[in-house]
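Peer 1: Dropping the sequence and predicted coords here.
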Amino acid sequence: MTPVVSIVISGLALAVSVAVAWLTLFRRGNLRMTQPVLIGFLYDLPDGEPKVFFRTLLYTTGKRGHVIEGMYLKVTNRESSQTFDFWAYGETKALMIGSGLRVDEDGLSSNHHFLPPKERSSFQFLPGDYTIEVYARAVNRRHPVLLSRLRVSLPQEHAAALRDKSNGVLFTWSPETRQYHPHVSQAPRSSLPMPFLIENR
């Protein structure tokens, strides 16, 4: 084997090693979320503040992953646009205020609950089409990341049902039609937790 061939082979081996190290050790990849199977328009009792929740899997396309400092929603209907910037996540009886969530390539499945700014919102669930933009702020990222843009439609009769704040409207995702289908659900207070979080925000 000539010296030139040896140098070329060594160079290729080094390039492959660097590429593998980049892909497996150093690359953060992109932050992503799966399509939520369930989205809820609810009221947080006893205060009666509007709340949006969904369950999703957050994941990254790289090995190193990301640390999320915060998440928020921009909910837009024909009448107004409202930011839901108070975020909590976890299971129904173990919600935590969202601040510092590590997400890697294996992903993290959780419920996510969002409320508008306390005492600075007159948002109402009116009938019509809604766009829900899901944003995350990650460490070492200058700008928030748009994770998903979800669209649901709230029928007149479902909006009327939400005048009773013990009711909620759940939107169930259909993989076949690729649409959300709403239905009214009367949720017990125990399934709408967060009083201790609200008091401390």
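Peer 2: Structure's in. What do you need? Numbering: from 1, shown residues only.
Peer 1: Closest to the centroid, which residue in the protein?
Peer 2: Geometric centre of the chain, nearest residue: V134, 5.4 Å, by C-alpha atoms, centre = their mean.
Peer 1: mind checking which helix or strand of the protein has the lowest mean pLDDT?
Peer 2: helix 195-199 (a mean of 43; mean pLDDT, DSSP states H and E).
Peer 1: for the residue nearest to the centre of the chain, what are its contacts?
Peer 2: Applying C-beta atoms under 8 Å, 6 or more residues apart in numbering to V134 gives the contacts 33, 71, 73, 146-150. Backbone N, C-alpha and C define where each C-beta goes, glycine included.
Peer 1: Just list whatever residues bridge to the residue lying closest to G40 once chain neighbours are set aside.
Peer 2: By the measure of C-beta to C-beta, 6 or more residues apart in numbering, the closest residue to G40 outside its immediate chain neighbours is F53, 4.6 Å from it. F53 has these beta-bridge partners by DSSP bridges: G40, H113.
Peer 1: Could I get the full set of helices for the protein?
Peer 2: 3-21, 156-161, 195-199 (DSSP state H).
Peer 1: contacting residues for the residue nearest to G40?
Peer 2: Contacts of F53 by C-beta under 8 Å, 6+ apart are 39-40, 42, 111-114.
Peer 1: Among those, which one lies nearest to R178?
Peer 2: I39 (14.2 Å; C-beta to C-beta).
Peer 1: so what's that closest one up against?
Peer 2: When contacts are counted by C-beta under 8 Å, 6+ apart, I39 touches 52-54, 132, 150, 152, 170-171, 173, 180.
Peer 1: Could you measure from it over to R142?
Peer 2: Applying C-beta to C-beta, to the nearest Å, the value for I39 to R142 is 29 Å.
Peer 1: that older thread, relative to E91, how far out is the residue nearest to G40?
Peer 2: For F53, the distance to E91 - C-beta to C-beta - is 12 Å.
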